[in-house]
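Engineer: What follows is a protein structure lacking sequence information:
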């Protein structure tokens, strides 16, 4: 990550306004530079001598290096310093430091002290006459440099320190504003996600209610059919009826309830028993789940919709036998499930694009991928952004593989699966 600079904290226009007011109040040259001595603002009240030196690349490079050095000195002392620049003029610098990071300095001065004036001018001229500039113009500009006494320079140094501290307070306020904005944005995003998930849960519960007008009547009817099938010797009919009854009972649980993984797998077996009865030898199921995970609490209907999705979108009644495999394994501190089929397959669309399309379909009232979208959002809502459907791979004619990540235990503390 790149180091932050003054540009990241304060608007340059605001810095320029502060600098111009300081220059008007003191009558001295002022500029604000970054930690490398490079100018951030436009010069205020610069002397013709300094502007002339900065007009050539070599002179500008010397000025920037001089500003960098004095800024570092001021930062080390954490207070204003008075020094002579590369040419010999008297300059002042006050550091801009926030949270221990040196960001730059406020620099002012470009004056000659009123004592030993002749000696100073001779020394200054000697320091810069090697620059590729017209010497007569250089000397003329030097004569125009202001003279100041030590008392005023010291007073300006104190004022410079106050100005630098004002800029630091501006930086602190700007950072606080940025942090508040980021927290507000994050809160709004979390509220949006929560609203979407609550709507998803409401839609699911509404659809479940619509299909459960009188569950007791359904159970009684199924039990009656099961007993009749038994009395008539129709064992297969009895088995299918019992499986359907258990499926309905499982579906009647609250959608936000956690259940042991073994119950979800048992539910899947009943569901597939009915489907295998329907499609006979064309549908095969394999389950490879670590026995350590049997009591793992998972949200109700986490895996079954993926099985159903595979059959609805991948099964070809007149084609090859379809095999669906469920795998569950401990993956670091998490648990990874994969649901794989060898069915019709699909184009290998990026997961983010597929989920976005499913969200659009949900809003439009379509149902193609809503089951996958609902699972993903439910799991993210319950466990965080790192969980849910993490991968979906498909190829036409080669089937689809979907990967789900769940937390391995800490997120389930104090959760009742009963």
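Structural biologist: Arrived safely. None of these values were measured; they are calculated from a predicted model. Numbers count the residues shown, from 1 in each chain.

Engineer: Can you pull out the low-pLDDT segments for the stretch 201-350 of the chain?
Structural biologist: Counting by pLDDT under 70, the stretch 201-350 of the chain has low-confidence residues at 201-234, 238, 252-256, 317-319.

Engineer: Look up how far residue 300 lies from residue 258.
Structural biologist: The spacing between residue 258 and residue 300, counted by CB to CB, to the nearest Å, is 7 Å. (C-beta placed from N, C-alpha, C; glycine too.)

Engineer: for residue 20, same thing?
Structural biologist: 67 Å.

Engineer: Neighbour count for these two, which is higher?
Structural biologist: Per other CB atoms under 10 Å, whichever of residue 20 and residue 300 has more neighbours is residue 300, with 18 against 15.

Engineer: Could you list every helix and strand that the longest helix anywhere in the chain packs against?
Structural biologist: With secondary structure taken from DSSP state H, the chain has its longest helix at helix 150-210. On a contact count with 3 or more CB pairs under 8 Å, 6 or more residues apart in numbering; DSSP states H and E, helix 150-210 meets helix 6-9, helix 12-26, strand 81-84, strand 90-98, strand 101-113, helix 370-383.

Engineer: Which one of those lies nearest to residue 189?
Structural biologist: In terms of CB to CB, the element of those nearest to residue 189 is helix 370-383, at 12.2 Å.

Engineer: So what angle separates the directions of the helix or strand following that closest one and helix 370-383?
Structural biologist: Next in sequence after helix 370-383, counting helices and strands by DSSP states H and E, comes strand 388-395. On the basis of axes from the mean of the first three to the mean of the last three CA atoms, to 10 degrees, strand 388-395 is oriented at 150 degrees to helix 370-383.

Engineer: Give the next helix or strand downstream of strand 388-395.
Structural biologist: As assigned by DSSP H and E, the chain's next helix or strand after strand 388-395 is strand 399-407.

Engineer: what is the mean pLDDT for that following strand?
Structural biologist: Strand 399-407 comes out with an average pLDDT of 93.

Engineer: Can you pull the poorly scored residue ranges out of the stretch 51-200 of the chain?
Structural biologist: Within the stretch 51-200 of the chain, the stretches with pLDDT under 70 are 197, 200.

Engineer: Helices of the stretch 251-400 of the chain, residue ranges please.
Structural biologist: Along the stretch 251-400 of the chain, the stretches classed as helices by DSSP state H, counting those that start in this stretch are 261-279, 304-314, 351-364, 370-383.

Engineer: list the helices and strands the longest one packs on?
Structural biologist: Under the contact criterion of 3+ CB pairs under 8 Å, 6+ apart, helix 261-279 touches helix 235-251, strand 283-289, strand 297-299, helix 304-314, strand 322-331.

Engineer: and if we set it to 10 Å?
Structural biologist: The contact analysis (3 or more CB pairs under 10 Å, 6 or more residues apart in numbering; DSSP states H and E) places helix 261-279 against helix 235-251, strand 258-260, strand 283-289, strand 297-299, helix 304-314, strand 322-331, strand 334-341.

Engineer: re earlier: what angle separates the longest helix of the chain from helix 12-26?
Structural biologist: Orientation check (the same axes, to 10 degrees): helix 150-210 against helix 12-26 gives 160 degrees.

Engineer: Centre of the chain to helix 150-210, how far?
Structural biologist: Its chain's average C-alpha position is 14 Å from that of helix 150-210, according to CA atoms, centre = their mean, to the nearest Å.

Engineer: same question, stretch 88-95
Structural biologist: Relative to its chain's centre, stretch 88-95 lies at 43 Å (CA atoms, centre = their mean).

Engineer: which parts of it are buried?
Structural biologist: For stretch 88-95, burial by neighbour count (16 or more other CB atoms under 10 Å) applies to 88, 89, 90, 91, 92, 93, 94, 95.

Engineer: how long is stretch 137-156 from one end to the other?
Structural biologist: End-to-end distance of stretch 137-156 (CA to CA, to the nearest Å): 29 Å.

Engineer: residues contacting the closest residue to residue 316 other than its chain neighbours?
Structural biologist: Leaving aside its chain neighbours, residue 316 sits nearest to residue 344 (5.8 Å; criterion: CB to CB, 6 or more residues apart in numbering). Residues in contact with residue 344 (CB atoms under 10 Å, 6 or more residues apart in numbering) are 310, 313-316, 319, 322, 394, 396-400.

Engineer: Show me which pair in those is furthest apart.
Structural biologist: Checking the contacts of residue 344 with CB to CB, the most distant pair is 319 and 394, at 16.4 Å.

Engineer: Tell me which of these two has more neighbours.
Structural biologist: With neighbours defined as other CB under 10 Å, residue 319 and residue 394 compare such that residue 394 has more, 20 against 11.

Engineer: what bridges to that one?
Structural biologist: residue 400 (DSSP bridges).

Engineer: contacting residues for it?
Structural biologist: If you count contacts by CB under 10 Å, 6+ apart, residue 394 has them with 313-314, 341, 343-349, 354, 400-402.

Engineer: how about those residues in a markdown table, adding distance to residue 265?
Structural biologist: Listed next are the contacts of residue 394 as a markdown table, based on distance: CB to CB, whole Å:
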| residue | distance to residue 265 |
| --- | --- |
| 313 | 22 |
| 314 | 20 |
| 341 | 17 |
| 343 | 21 |
| 344 | 25 |
| 345 | 25 |
| 346 | 25 |
| 347 | 30 |
| 348 | 28 |
| 349 | 29 |
| 354 | 26 |
| 400 | 20 |
| 401 | 18 |
| 402 | 16 |
